[in-house]
Every structure is written in C-alpha cells, then in structure tokens.
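Engineer: Turn this into a structure:
(one chain, ligands or ions: 1)
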Amino acid sequence: MKKSIFKRCILRGIALALGLALMLLCSCSSVTESEEKDLIVVGFSQVGSESSWRVANSESMKQALCEKEGVELIFDDAKQKQENQYKAIRNFIQQQVDYIVLAPITETGWDDVLAEAKEAGIPVIIVDRQVDVEDDSLYTTWVGSDFLQEGKTATQWLKQELTDRGMNEEQVNILHVRGTDGATSQIFRTKALQDAVKENNNWSIVSVLDGEYTEALAYEATKSFLSNNPGAIEGIDVIYSENDNMTFGVLRALEEEGIKCGGEEGIIIISFDAVKSALERCYDGEISLCVECNPLHGPRVANLIRSLESGNKPRKKSYVNETYFTAETLSEEIIEERTY
Ligand code: GYE
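Structural biologist: Take a look at the predicted model:
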C-alpha cells in the first residue's frame, strides 16, 4: 500500500515536471523560433478595441510589424484594463522580447512596471497616449497626436462658426461628452474646451457625460441625460464629443427623440478622429466638424525600431500632423481614400 502511494507520487512528480517543462518550452518557443528566423520580437500592449480609431490602429500595427518586415509581433489586447496591461508587459519581460510597445490606457500608474522593463534592458516605445512617469528614462520614445492642438482646432473653429452664424454675443450652451478619464487624448481635448470656455464668457458647459470612448456608453449616458433633464436638450447649442464612436451613440439617442443635429438649424456637432463613417455623416451635414486624429502609427513605430536597431537615438517625442474636415472641405474622393 505504502509502496503504491510512493509510486503514484513519483509518477505524479514526473508528470508535473514534464508538464512544467512543456509549458516553459511553449512560452519560449516564439522567441526561439524568431531567433532562428532572425526576427525582432516586439510585444505590443494595446488598450482594447473600444473604437473604430483603435481597430484601425491595431490593424496598422499588425501590418507594419510582421514577419515580412523582420518582426514577430506578440499582440495583447488589454480590454480597457490597466491591470491587463501590467500583466502583458510582465509577460513580455519574461519572454525576453526585444522591444515593448505600449499604448497606455491612462497616463499614470506606469512607474513600477516600466522600471521592471528597464531593469530587464528592454526598450519601451510608447504610442498614442502618453505616460506620466517620474523618470522619463523609463521609456525610450513616444509617437502620437497633439491632443491639445486637436482641441484648439475644434474650439477655434467653433468660435468662427458662431461668429458666422451671428451667435458670437449669445449665450452658447455646450454638452461635453468625455473619453476615458485620465487618457492623454481626454485630458487635452477637455483642457482645450475648458480653456475656451474661460476665454469666452458667453460659453458654458451645461453637462458632462462620460462615454469612455465607446458608442454604447455614450448612447446610455445621452439617454439618461435626456430622461433626467426633460427639455434641457432644447437649450443645447453645441455637442463636443471626444471621439466619433461616442458621437454615433449620442446621435442615435437624439435621433430616437426626433432631435435634429447639424445643418444650419440643428445642434452643432463636433467630433474627434474623423474615421470614414464620421466623414460621411459630416459630408451629409449631420456632423458639423470632424477633427482628425491619425491612428496609422504602425509604420511610425516600425521606423522607430529600425532606427534604434541601427544605433540611432530617436527624438523623445514625435507628433503627427493632422487636419480637420467640414462639409465644405470634404469631397467624395477624400472620403473614398480614407482606409479606416
Ligand atoms: O480618439 C479614440 C480612442 O487615444 C487617440 O482613443 C486615442 C483615442 C481616440 O479610443 O477613438
């Protein structure tokens, strides 16, 4: 009896050891395979897939960082949770990837995990939103949009539009729909609006809705705004929505109530990103202004990696050029050319 328990224990021990060895082999296989093919291994921690912008961004990264380009990409979707990004980065460190690329959900909370990457000697490239860290040697370089400029583009356009409509002296009521709290894109698009409200005494933010950059949450938030504040929507002149998908959610909720947006008479709709379906609705006059935010960072990140590989030291921060669209500046060709 004793003997058979002993035997079973030994067998279990062997099975366990084999299992562990197999797990270890699997987790290393991507790196060893890449070594054989001489690929650069890149771990990319993506925020999630909350918006059309994000989907286009993931696609761009996957296309530019692929085997054909000499890269093996390990892609991790954090499903809008910072804890998942921590896990992904720690996994990348364990797998000893060559580079870590991080699209951080919010600016804060990165000091510890990035210090671990630094200690492991893995360069970190930040893309899209920024990180707010004590020691900026914790990341190598950042590439993304100038979100404050985007917000300023929107508020300067609004000021001109109100003047053109003869509304520059009137009380202007704004409904503000915010993206993910603490994300650089939210922080600066919001700041630009708040600064403009301070500068223009006749502008005021009537209410702030949180949509976390998703159509579903913005739709829900607009629905509750409408039912909790009966009649309030009639007093709204402008909706400042921090991304296109939230704009779609807001428009759907307003449409259900028969509220008209855009055009000469309807609520002025300002939206960020300028994805194809937003441009179409802008061309039709429903969205008044589309401020562009470029998601095609894949080739930019690939270039940064190439440059680091050849021993160069890229700039700490690189901003991309962006523009804005109205029904007047748009054309069918521009819309057709939009790939996302
Ligand atoms: O505007 C939004 C996305 O940070 C620029 O995040 C990005 C924003 C983009 O979900 O659609």
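
Engineer: who in the protein is up against the ligand?
Structural biologist: Contact residues, the chain versus the ligand (CB under 6 Å from any ligand atom): 50-51, 53-54, 128-129, 145, 183, 185, 213, 243, 272-273, 293. Where you see a C-beta, it was placed from the backbone N, CA and C, and this is true even at glycine.

Engineer: Could you pull out the strands in the stretch 1-150 of the chain for me?
Structural biologist: Under the criterion DSSP state E, counting those that start in this stretch, strands of the stretch 1-150 of the chain are mapped to 40-46, 71-77, 99-102, 124-127, 141-144.

Engineer: Show me which residues of stretch 81-89 are buried.
Structural biologist: Buried residues in stretch 81-89, defined by neighbour count with 16 or more other CB atoms under 10 Å: 82, 84-86, 88-89.

Engineer: before we move on, what about stretch 111-125?
Structural biologist: So, applying 16+ other CB under 10 Å, buried residues of stretch 111-125: 113-114, 117-118, 122-125.

Engineer: In helices, which of these fall?
Structural biologist: Mapping the buried residues of stretch 111-125 onto helices (DSSP state H) picks out 113-114, 117-118.

Engineer: pretty sure Tyr213 is touching Ser241, no?
Structural biologist: No - Tyr213 is beyond contact range of Ser241, at 10.1 Å (criterion: CB atoms under 8 Å).

Engineer: Now for Asn173, how many residues are close by?
Structural biologist: Using other CB atoms under 10 Å, Asn173 has 19 neighbouring residues.

Engineer: What separation is there between the nearest residue to it once chain neighbours are set aside and Asp195?
Structural biologist: Nearest non-adjacent residue to Asn173, counting by CB to CB, 6 or more residues apart in numbering: Val206, 4.7 Å away. Val206 is 18 Å from Asp195, where distance means CB to CB, to the nearest Å.

Engineer: likewise Lys37?
Structural biologist: The gap separating Lys37 from Asp195 is 51 Å, by CB to CB.

Engineer: Go ahead and report the secondary structure state at Ile205.
Structural biologist: strand (DSSP: H, G, I helix; E, B strand; the rest coil).

Engineer: Could you do His176 as well?
Structural biologist: Applying three-state DSSP: His176 is strand.

Engineer: which residues does it contact?
Structural biologist: His176 makes contacts with 190, 193, 205, 207-209, 240, as judged by CB atoms under 8 Å, 6 or more residues apart in numbering.

Engineer: please redo it, this time with the cut-off set to 6 Å
Structural biologist: For His176, the contact set (CB atoms under 6 Å, 6 or more residues apart in numbering) comprises 205, 208, 240.

Engineer: For the second one, which residues are in contact?
Structural biologist: Applying CB under 6 Å, 6+ apart, one finds that Val208 lies in contact with 176, 178.

Engineer: strand partners of the particular helix or strand that has it in it, parallel vs antiparallel please.
Structural biologist: Assigned by DSSP states H and E, Val208 falls within strand 203-210. According to DSSP bridges, strand 203-210 forms sheet pairs with strand 172-178 (parallel).

Engineer: and the next element down the chain from the strand it pairs with?
Structural biologist: As assigned by DSSP H and E, the chain's next helix or strand after strand 172-178 is helix 184-199.

Engineer: Between strand 203-210 and that next one, find me the angle.
Structural biologist: If you take axes from the mean of the first three to the mean of the last three CA atoms, to 10 degrees, helix 184-199 sits at 160 degrees to strand 203-210.

Engineer: Quickly note the distance from the closest residue to Asp132 other than its chain neighbours to the ligand.
Structural biologist: Counting by CB to CB, 6+ apart, Glu107 is the residue found nearest to Asp132 once chain neighbours are left out, at 4.0 Å. Taking CB to the nearest ligand atom, to the nearest Å as the measure, Glu107 falls 11 Å from the ligand.

Engineer: for Asn202, same thing?
Structural biologist: 28 Å.

Engineer: thinking that residue is in contact with Ile174, fair?
Structural biologist: No - in this structure, Asn202 is not within contact of Ile174 by CB atoms under 6 Å, at 10.9 Å.

Engineer: what about these two, which has more around it?
Structural biologist: Per other CB under 10 Å, whichever of Asn202 and Ile174 has more neighbours is Ile174, with 22 against 13.

Engineer: residues touching the more buried one, list them.
Structural biologist: 205, 238, 240.

Engineer: So the last one, which state does it fall into?
Structural biologist: Assigned by three-state DSSP, the conformation of Tyr240 is strand.

Engineer: Please enumerate the helices of the stretch 201-340 of the chain.
Structural biologist: Secondary structure of the stretch 201-340 of the chain, counting by DSSP state H, counting those that start in this stretch: helices at 215-228, 244-256, 276-283, 298-309, 332-337.

Engineer: how about those in TSV, adding mean neighbour count and mean pLDDT?
Structural biologist: Below are these laid out as TSV (neighbours: other CB atoms under 10 Å; pLDDT from 0 to 100):
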stretch	mean neighbour count	mean pLDDT
helix 215-228	18	98
helix 244-256	23	98
helix 276-283	21	98
helix 298-309	19	98
helix 332-337	11	98
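
Engineer: any chance of those in JSON lines, plus distance to Ile93?
Structural biologist: Listed next are the helices of the stretch 201-340 of the chain as JSON lines, based on distance: least, CB to CB, whole Å:
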{"stretch": "helix 215-228", "distance to Ile93": "33"}
{"stretch": "helix 244-256", "distance to Ile93": "33"}
{"stretch": "helix 276-283", "distance to Ile93": "37"}
{"stretch": "helix 298-309", "distance to Ile93": "17"}
{"stretch": "helix 332-337", "distance to Ile93": "40"}
